[in-house]
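Q: Show me the folded form of this:
(2 chains)
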Amino acid sequence: MRLLVVEDTPELGEQLVQRLTAEAYAVDLARDGEEGQFLGETEPYDAIVLDLGLPRIDGLSVLKHWRARGIATPVLILTARGAWHEKVQGIDAGADDYLAKPFAMEELLARLRALIRRTMGHSAPVLTCGPVTLDTRSGKVAVAGEAIDLTAYEFKVLDYLMHRQGQVVSRTELTEHVYAQDFDRDSNTIEVFVGRLRRKLGNDLIATVRGLGYRLGPAA
Amino acid sequence: MTIARSLRFRLLAGAAVWVTLALAVAGFGLSELFRAHMQDQVEAELNRNLDQLSANLEADDKGAPTLRQALSDPRFQRPLSGLYWQIDGAGGTMLRSRSLWDAVLPPPNGVQMRPHRHAEFGPDKQFIYILERNVTLADRDLSFHLSVAIDLADAMAASADFDRVLVLSLAVLAAALIAASVVQVQVGLQPLAALQHELAEVRKGGRRRLTDEGPREVSPLVKDLNALLGRTEEGIARARLEAGNLAHALKTDLAIVSNDAGALSGPQARAIRERLAAIRRTIDRHMARARAAATHGVPGSTAAVADSAAGIVRVLRRLSEEKDLVIETEVPADLVFAGDRQDLDEILGNLIDNACKWARSRVLVSGRAAAGRLTVVVEDDGPGLADDVRDAVTAPGVRLDESVPGTGLGLAVVKEFAGLYGGRLSLDRSPLGGLRAAVELPAV
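A: Numbers count the residues shown, from 1 in each chain, chains lettered A, B, ... in the order given. All right, here's what the predicted structure looks like:
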């Protein structure tokens, strides 16, 4: 899953990037409203963490700009402005969640997971496909109840495919959602990760749809 | 004292005194003028008759006065007609007009060129006016004393009539003028009354500014008042903004430190986390207080409860999507809070948020008005509160269940805000099963 964090306080931005990266997200960080707005409308993020008090363009205007352009990426507002009238403004501008600073990192993570899950149409926190289960809360993967160890990138690929069960996902799409922007991307590595996942989870879990990409589970 | 300080009283009293004085002087002057005119006429008539009498005067052989010809005015012939003449000659000879009948005009009182009054003459004790003259017939060397008299009753009656009519018409005029000045004062002071009415509305919260459409004299006052209202609003907005900026900066730093502390473990780390939580509560509480205190000074703010509740419910529906809650609102559209919208948002936000946290499936927000106050009730079907802890939950920082996220500040903030508006928060058991929180606030 790929996230955009728009946060102007450098220390907090770093903390967020570190923790989210550790949670197997591919994270881009924008330090002002202008950069954030540009990235948000050009890159395919799975969720955006948006501060409101930003230099250049304030967060609320950025959010309104995105929504006016039809960008439906789920947005979680993370701000020190915790008054209720500000929450109303944020939600009315098109935010999907609102968290006031100071916040517990665990709560931010839980809300992001739930947000991404809901956006992709899953209501339960544990995603299942055949014998394979992925607990979005703990990041644990199991086959027929038996825990499986995955590397960070293997998890990222599986996580995205599990969320998009039954849909054909192209290699480009996978690349875009697994790597952060400044990463040197090589779509061939995706093939390597898919191969390893097949070995660890069973050969028939991920189907190759020739010329289009991959599909996890039966066609939706 | 208070009546003398009334502008209306002053203007009316001034007008009444002035009108009365002016009309009294005018009445006196007119009356005197009429009297003088009457006197002139009487004098002219006497002079004319005396001239005629002098011209007709002759003396007979014995030197007694005779008239060559009777005087033309027929009143001299009619007994006691009110117009008389008399000629006194030397040696007690006397000639009188027929109108005198038995009476004799009073004896000469020296010779005066001007006519003079004489009281209690004749059978009716009238006032008469006598003009006298000495005439010498040069050829006979005879001297006569001629008198012509007129009864003043008619002239006095005319004068009294005139005075009566004059007093009556001046009194009517005075009444009309005073009535006109009442109307004038009323109309003149109307802009002030309108201003007072608008100021009352501002105080009650019906409007933010006064309308500057009054007369030139009132307009500067209105402009100054509006400027004052604007400055108050501006100052409060700036104070709010600065307090907000301070709080935001502190909270962002607090978030950074909290995250760092979250990575540590051990008793010291726990102590740090507890202090950080306390700092956060302090910021929140004082922010809420500063905002509420600032708002309290702004006259003229109002907020529709239904709008505020709808906004909060939109937020909470979005934020509690995981929970599958039904949030119902039954707030009449005409329920208007006499205070700041942001404060109302804070009150309702905390109440409804609290209900959403504890509810199993249902939250009900309702409102009603009674006698200048309004009550908003928020109920949920959660576990509710035991009777003995209800008071404790409104103290800042108290959290009954550490497993539900929150700062333990919600109900304390509601209590604080309600208190600032002279309202109160009461907690009870809801028919739905959970907590029933009712907050009473001033209404418009």
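Q: Show me what the helix or strand hosting residue B:286 is packed against.
A: Taking DSSP states H and E as the criterion, residue B:286 maps to helix B:267-296. In terms of contacts (3 or more C-beta pairs under 8 Å, 6 or more residues apart in numbering or on different chains; DSSP states H and E), helix B:267-296 is packed against helix B:219-262, helix B:341-358, helix B:410-420. Just so you know, the C-beta spots here come from the backbone N, C-alpha and C atoms, and that holds for glycine as well.
Q: So which elements touch the second one?
A: Yep, that's helix B:341-358 we're talking about. Under the contact definition 3+ C-beta pairs under 8 Å, 6+ apart, helix B:341-358 sits against helix A:84-92, helix B:267-296, helix B:305-319, strand B:362-370, strand B:373-380, helix B:410-420, strand B:435-442.
Q: Those into a markdown table, with extra columns for distance to residue B:253 and mean pLDDT?
A: What follows is those, written out as a markdown table (distance: least, C-beta to C-beta, whole Å; pLDDT from 0 to 100):
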| stretch | distance to residue B:253 | mean pLDDT |
| --- | --- | --- |
| helix A:84-92 | 19 | 93 |
| helix B:267-296 | 10 | 80 |
| helix B:305-319 | 25 | 93 |
| strand B:362-370 | 35 | 92 |
| strand B:373-380 | 34 | 93 |
| helix B:410-420 | 22 | 82 |
| strand B:435-442 | 33 | 92 |
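Q: Can you give the domain ranges for chain B?
A: Under the assignment named as automatic domain parsing, the residue ranges that make up the domains of chain B are B:11-158, B:205-300, B:301-444.
Q: Deepest-packed of the ones you listed, please.
A: Of the domains of chain B, the one with the most neighbours on average (mean count of other C-beta atoms under 10 Å in any protein chain shown) is domain B:301-444, at a mean of 19.
Q: Of the helices and strands packed on helix B:267-296, which shows the lowest average pLDDT?
A: Set side by side, the helices and strands packed on helix B:267-296 differ in mean pLDDT, and helix B:410-420 is lowest with a mean of 82.
Q: Heading C-terminal from that one, find the next helix or strand.
A: Downstream of helix B:410-420, the next assigned helix or strand under DSSP H and E is strand B:424-429.
Q: what angle separates the helix holding residue B:286 from helix B:410-420?
A: Comparing the axes of helix B:267-296 and helix B:410-420 via axes from the mean of the first three to the mean of the last three C-alpha atoms, to 10 degrees yields an angle of 30 degrees.
Q: Would you point out which residue of the stretch 251-400 of chain B is nearest chain A?
A: Of all residues in the stretch 251-400 of chain B, residue B:349 sits closest to chain A, at 3.0 Å by C-beta to the nearest C-beta.
Q: Now do the same contact list for the residue located most distally from the centre of chain A.
A: In chain A, the greatest distance from the average C-alpha position (C-alpha atoms, centre = their mean) is reached by residue A:85, at 28.1 Å. With C-beta atoms under 8 Å, 6 or more residues apart in numbering or on different chains as the criterion, the residues that contact residue A:85 are B:311, B:341, B:342, B:345, B:346.
Q: Dump the residues you listed into TSV; add distance to residue B:185 as well.
A: What follows is those, written out as TSV (distance: C-beta to C-beta, whole Å):
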residue	distance to residue B:185
B:311	50
B:341	42
B:342	45
B:345	48
B:346	49
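Q: sec struct for residue A:28, please.
A: On the three-state scheme (DSSP: H, G, I helix; E, B strand; the rest coil), residue A:28 is labelled strand.
Q: Repeat that for residue A:188.
A: Secondary structure state of residue A:188, per three-state DSSP, is helix.
Q: dump the residue contacts of the residue nearest to residue B:257 when sequence neighbours are not counted.
A: Of all residues beyond its chain neighbours, the one nearest residue B:257 is residue B:276 (6.2 Å), with distances taken as C-beta to C-beta, 6 or more residues apart in numbering or on different chains. Residue B:276 makes contact with A:102, B:254, B:257, B:258, B:261, according to C-beta under 8 Å, 6+ apart.
Q: hang on, the earlier thing: so which of the domains of chain B comes closest to residue A:43?
A: Residue A:43 sits nearest to domain B:301-444 of all those, at 24.3 Å, using C-beta to C-beta.
Q: Any idea how far apart the tips of that closest one sit?
A: With C-alpha to C-alpha, to the nearest Å as the measure, domain B:301-444 spans 10 Å from end to end.
Q: Test for you: state the pLDDT assigned to residue A:69.
A: Per-residue confidence for residue A:69 comes out at a pLDDT of 94.
Q: I figured it hits residue A:41, correct?
A: Yes - using C-beta atoms under 8 Å, residue A:69 makes contact with residue A:41 at a distance of 5.8 Å.
Q: ok and the residue in chain A nearest chain B?
A: For chain A, the residue positioned closest to chain B under C-beta to the nearest C-beta is residue A:84, at a distance of 3.0 Å.
Q: give the contact list for the closest residue to that residue other than its chain neighbours.
A: Distances taken as C-beta to C-beta, 6+ apart place residue B:349 nearest to residue A:84, at 3.0 Å, with adjacent residues excluded. Under the criterion of C-beta under 8 Å, 6+ apart, the contact partners of residue B:349 comprise A:84, A:87, B:312, B:315.
Q: C-terminal to the helix or strand where residue A:192 lies, what's the next element?
A: When elements are defined using DSSP H and E, residue A:192 is found to belong to helix A:187-201. Of the helices and strands lying after helix A:187-201 in sequence (DSSP H and E), the nearest is strand A:206-209.
Q: What is the helix holding residue A:192 packed up against?
A: Secondary-structure packing of helix A:187-201 (3+ C-beta pairs under 8 Å, 6+ apart): strand A:140-143, helix A:152-163, helix A:171-178, strand A:206-209.
Q: Tell me which residues of that helix come out buried.
A: A:190, A:193, A:194, A:196, A:197, A:200, A:201 (16 or more other C-beta atoms under 10 Å in any protein chain shown).
Q: still on that earlier bit, residue contacts, the residue of chain A closest to chain B?
A: Contact criterion C-beta under 8 Å, 6+ apart gives B:312, B:315, B:342, B:345, B:346, B:348, B:349, B:350 as the residues in contact with residue A:84.
Q: which two of the residues you listed lie the greatest distance from each other?
A: Checked with C-beta to C-beta, the contacts of residue A:84 reach their widest spread between B:315 and B:342, with 14.0 Å between them.
Q: gap between the helix ranked longest in chain B and the chain center?
A: In chain B, with assignment by DSSP state H, the single longest helix is helix B:153-204. Taking C-alpha atoms, centre = their mean, to the nearest Å, one finds the center of helix B:153-204 at 18 Å from the center of the full chain.
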